[in-house]
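Student: Next comes the sequence, and after it the predicted model I'd like to discuss.
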Amino acid sequence: MAGLFSQSHSGDQSPVMWSTASGQPLLTVIIPVYNEVKTLNAVLHRVVAIPIDKQIVVIDDGSTDGSGDILSKWSSRGNILVLSDSTNRGKGYAVRTGLQRALGAYTIVQDADLEYDPQDIVKLMDVLQSRSADVVLGSRYLGSPNAQVGRLYRLGVGLLNALVKLLYHVTLTDEATCYKAAPTSTFRRMDLQCERFEICSEFIAKACRMRLRIQEVAISYYPRTAKEGKKLRLRDGWAAARALWKWRRWSEEQTRAAPAPSENAP
């Protein structure tokens, strides 16, 4: 991938814009959306403002709160692709659907709830640009732990980190982070299968099994409560642990040997 990156700017006050020499977007940002009418506009404005040449793929995962009306106003922008499903299928299904349409050299997933600051994506891309890692994770716990995160949630993440260490011999501080950045080709090689939040664990498991170089960078985090719309529940933690166990013997060769997916699969 030598020569992939170029930087351009017009005037001293303009932000640096990372792009690819080939003309394809450098980054695809996949944004699954399910009933995020309160934060969706703000998230999209912040993602658009990232100084990286990018494609934005937004998947409306069966929203019923007016999120679809907001997305219809954004769909006319050239670098934003809006996809919609009348049924709520889950974050994993939405991510897999977005990967089908990804044009960027790299891909990252951005939640639509403003718990993560899109400006931190630049930090992850800095590491990928340096070629010092194959996969970059945004850690909410690297350095000083985020004081806003509840103890029970932090305990759950700690248990998932311990399971990764036990099963894959890889040390992480934030297995459950939304921010996982990698070449789009790497995402596709994983042949992701999960349909809900446990897709994050499937990604980690397969990255470990592929012996990819994983690096974490510190990011900001602004957690919200269930009352404010947070959708993660205790059952999702159990599903994440089961996914780590399920894929512990996965190999890329299994993906190559598998039959081609049906036309209706994402």
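Tutor: All right, it came through fine.
Student: In this protein, which residue is most central in space?
Tutor: The centroid of the chain falls nearest to Val109 when counting by CA atoms, centre = their mean (2.3 Å).
Student: what secondary structure does the residue lying closest to that one once chain neighbours are set aside sit in?
Tutor: Nearest residue to Val109, sequence neighbours excluded (CB to CB, 6 or more residues apart in numbering): Ile30, at 5.0 Å. For the C-beta atoms, the positions are set from N, CA and C on the backbone; glycine is no exception. Three-state assignment for Ile30 (DSSP: H, G, I helix; E, B strand; the rest coil): strand.
Student: can you tell me which residues contact Ile30?
Tutor: If you count contacts by CB atoms under 8 Å, 6 or more residues apart in numbering, Ile30 has them with Val57, Ile59, Ala94, Val95, Gly98, Leu99, Ala102, Thr107, Ile108, Val109, Gln110.
Student: give the contact list for the last one.
Tutor: Just to be clear, that refers to Gln110. Neighbouring residues of Gln110 by CB under 8 Å, 6+ apart: Val29, Ile30, Ile31, Val43, Val47, Tyr116, Pro118, Ile121, Cys178, Tyr179.
Student: now Lys246: how far from Ser76?
Tutor: Going from Lys246 to Ser76 by CB to CB, to the nearest Å gives 41 Å.
Student: Ala94 too?
Tutor: Taking CB to CB as the measure, Ala94 falls 21 Å from Ser76.
Student: Of Lys246 and Ser76, which one has the most company?
Tutor: Legend: neighbour count by other CB atoms under 10 Å for Lys246 and Ser76, higher for Lys246 (15 against 8).
Student: Tell me how many other residues crowd His45.
Tutor: Residues near His45, counting by other CB under 10 Å: 11.
Student: quick one: it from Tyr179, how far?
Tutor: From His45 over to Tyr179 the distance is 19 Å, taken as CB to CB.
Student: and what of Thr186?
Tutor: From Thr186 to Tyr179 the distance is 15 Å (CB to CB).
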